[in-house]
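In: predicted model follows, preceded by the sequence.
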Amino acid sequence: MKTLFLKAHNRHDIERAGEILRQGGLVAIPTETVYGLAANALNGAAVKSIYAAKGRPSDNPLIVHVSRFSQIAPLVKEVPPAAQKLAEAFWPGPLTIILEKSDLIPPETSGGLDTVALRLPAHPAARAVIEAAGVPLAAPSANPSGRPSPTSFAHVRADLTGKVEALLDGGDCQVGVESTVITLAEGVPRVLRPGGVTLSQLREVLGEVELDPAVLHRLGEGMRAASPGMKYKHYAPKARVALVDASPESYARYVNEKKGGWALCFEEDLPLLQVPALSLGSRYDGAEQARRLFSALLELDEKGAQTAYAHSPMGVGVGLAVYNRLLRAAGFDVIRPKGPLVVGLTGLSGAGKSMIGAALKAGGCSVIDCDALTRSARVYDESCIKELQKAFGADIAPGGVLDRKELARRAFAGPQGRAKLGEITFPRILSQVRRVMEAAEGAGVKIIVLDAPTLFEAGLDSACDRILTVSAPEDVRLARVMERDHITEEQAQQRFSAQRDEGFYKARADYEIDNRPGAPWEKALGAVLQELKGEAAKRL
Ligand code: TXA
Ligand code: MG
């Protein structure tokens, strides 16, 4: 078959794509998530040819794409208020809503189900093509079944040239993973596939939203998949992928020992790795990971990788979608290096870390007070004091005895002083913390908690398998710090102004405990502890 190459910014090309689709042909189109392979959703024969082009099992239903909200009414039995709310909040955008279908939707499109998946994409070219076609478009991701989804035109061209009528070039996809799929067709709204719209965004709009167990767990033998797409091995490159759930340090140790494999890793891992590596961006930036994931998986093939060790992402926010895709690419093969689970405990001053630390200790964890270690004589030894004198003046340690107040006054006068102090002390703090951790490990401790206000600044996060942050509103924290440290509001304010904002910690946490007065922190922490114990047990 001769395949037409069309350009998304060309009006005439959009019209041409619309015409081909109206006549029952297939066109690969860009969307903000991934490229889709589109056909007229109301034409059973046209839809059938999608399955053939993708090599996709025909019991796997397709998403129907519309360009305006008003177009969904004829396609469904009814539009419930929850669908209205979701559409208002997230359409156009990377959200797919499952509703009971009307008779207009042929069984080829719905995979024989009595429901239909609907999406109003944000990509202007996608909407323009739907308008030009004048019909809703069924469009699965434009990859051969089982393979990573295409996020650039080059991917689509490589896979589909000669197999479909036309390919529409719209550049790179902004989100990079497929839309979030939520069903409103059975009781409590349930996410069947995580994607560009996060679980917490959905909960903000709908209240209760469940996560389908198949998102994170292999379906048991004979279990029915709510979303048929979840049954299949998916997103897999040719290389064997294994997911390694570990801190950057122990991930790198594991991968370096293996030799021969590739690391599919994060920016923070790169300096620690001695094997060829592809980075998905920062460990703490789920959106960036999502954007890069599929092209990285495809790149592994180009490089001829046989085995790839993927560093398990934090499964929060958009990162949940990244984790879900990697789990499937790995066929649920998750490696957990042996040893204690290391949990970083952090948050802003006055959030109440110490109280949470104490509760974790009572719950059986070994808690290391990194702040106390920071002040210890083991950190401020002779060589350290010499370096400090060089940086801040000999008189900060008259007669070799450190004047802590004077050091603090000079170091905390500005960002440069603070950075300099960190440069000198952080490596020493790190080695002290490591010493205490090793002792704890030797004593058979299963969960080590690093209670550290400067977890990230000191680089201690590199040793953490999980990160827990404690939060409270600023006025609450201010009052707590004033009372605890006997300082004025002005002094407390000044201290706060040198700190990062809450968003910094939230974006870097697997777990967050809300510790404002009256918040049910004990219950929340109990649930976290339960989960941590489960994780730790898998590492024995
Ligand atoms: O971002 C996206 O959603 C992309 C772009 C092209 O829009 N499309 C996409 O389609 O990812 P596809 O076919 O690759 O994935 C659709 C997923 C499958 O897991 C399928 O099983 C599920 O949605 N699905 C579709 N209709 C369903 C239904 N009626 N009930 C349950 N799951 C459904
Ligand atoms: Mg797909």
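Out: Received it, and whenever you're ready, just let me know what you need. Computed from a predicted structure; not experimentally measured. Numbers count the residues shown, from 1 in each chain. Ligands and ions are numbered 1, 2, ... in the order given.

In: number of nearby residues for G399?
Out: 4 (other C-beta atoms under 10 Å). From N, CA and C alone the C-beta is placed, and that goes for glycine too.

In: in terms of pLDDT, where does the residue nearest to S58 when sequence neighbours are not counted sit?
Out: Closest residue in space to S58, ignoring its immediate chain neighbours: Y51 at 4.8 Å, by C-beta to C-beta, 6 or more residues apart in numbering. In this model, Y51 is scored at 92, pLDDT.

In: what sits against Y51?
Out: Applying C-beta atoms under 8 Å, 6 or more residues apart in numbering to Y51 gives the contacts P57, S58, E108.

In: point out the least confident member of these, please.
Out: Lowest confidence among the contacts of Y51: S58, with 77.

In: ok, now which ones touch that residue?
Out: K48, Y51, E108, G111.

In: can you classify it by secondary structure?
Out: coil (DSSP: H, G, I helix; E, B strand; the rest coil).

In: state the phi and psi torsions of it.
Out: Torsion angles at S58 (phi, psi; degrees, to the nearest 10) stand at phi -80, psi 0.

In: now G518: how far from ligand 1?
Out: Look at G518 and ligand 1: by C-beta to the nearest ligand atom, to the nearest Å, they are 40 Å apart.

In: for the stretch 51-200 of the chain, just list every one of the strands.
Out: 63-65, 95-100, 115-119, 137-138, 166-169, 180-183, 190-193 (DSSP state E, counting those that start in this stretch).

In: er, the stretch 351-500 of the chain actually
Out: So, for the stretch 351-500 of the chain - with DSSP E, counting those that start in this stretch - the strands run 366-369, 447-451, 466-471.

In: go through these and name the closest to ligand 1.
Out: strand 466-471 (29.0 Å; C-beta to the nearest ligand atom).

In: partner strands of the closest one, with direction?
Out: Strand 466-471 pairs in its sheet with strand 341-347 (parallel), strand 511-514 (parallel), by DSSP bridges.

In: quick check: angle from the first one to strand 447-451?
Out: This points to strand 341-347. With axes from the mean of the first three to the mean of the last three C-alpha atoms, to 10 degrees defining the directions, strand 341-347 sits at 20 degrees from strand 447-451.

In: tell me how many other residues crowd the closest residue to E522 other than its chain neighbours.
Out: Closest residue in space to E522, ignoring its immediate chain neighbours: A359 at 7.2 Å, by C-beta to C-beta, 6+ apart. Residue neighbour count, defined by other C-beta under 10 Å, stands at 17 for A359.

In: doesn't V528 make contact with A359?
Out: No: here A359 lies out of contact with V528, judged by C-beta atoms under 8 Å, at a distance of 10.1 Å.

In: domain assignment for the protein?
Out: By the assignment in automatic domain parsing, the chain contains the domains 4-215, 240-335, 341-537.

In: can you list the residues of this protein near ligand 1?
Out: Taking C-beta under 6 Å from any ligand atom as the contact definition, the chain meets ligand 1 at 31, 33-34, 36, 60-63, 94, 96, 98, 110, 113, 115-117, 119, 121, 139-141, 178-179, 181, 192-193, 227-229.

In: all the helices of the stretch 1-150 of the chain, in order from the start?
Out: 11-22, 44-54, 81-90, 107-110, 124-133 (DSSP state H, counting those that start in this stretch).

In: run through this protein and note the low-pLDDT ranges.
Out: Along the chain, segments meeting pLDDT under 70 span 221-222, 229-233.

In: name the residue most distant from the centre of it?
Out: G399 (52.0 Å; C-alpha atoms, centre = their mean).

In: and that residue, how far is that from ligand 1?
Out: Taking C-beta to the nearest ligand atom, one finds G399 at 68 Å from ligand 1.

In: likewise A239?
Out: 21 Å.

In: dump the residue contacts of the spatially most central residue of the chain.
Out: Computing the C-alpha centroid of the chain and ranking residues by C-alpha atoms, centre = their mean puts G319 first, at 0.9 Å. Contact analysis of G319 by C-beta under 8 Å, 6+ apart lists G286, Q289, A290, P313.
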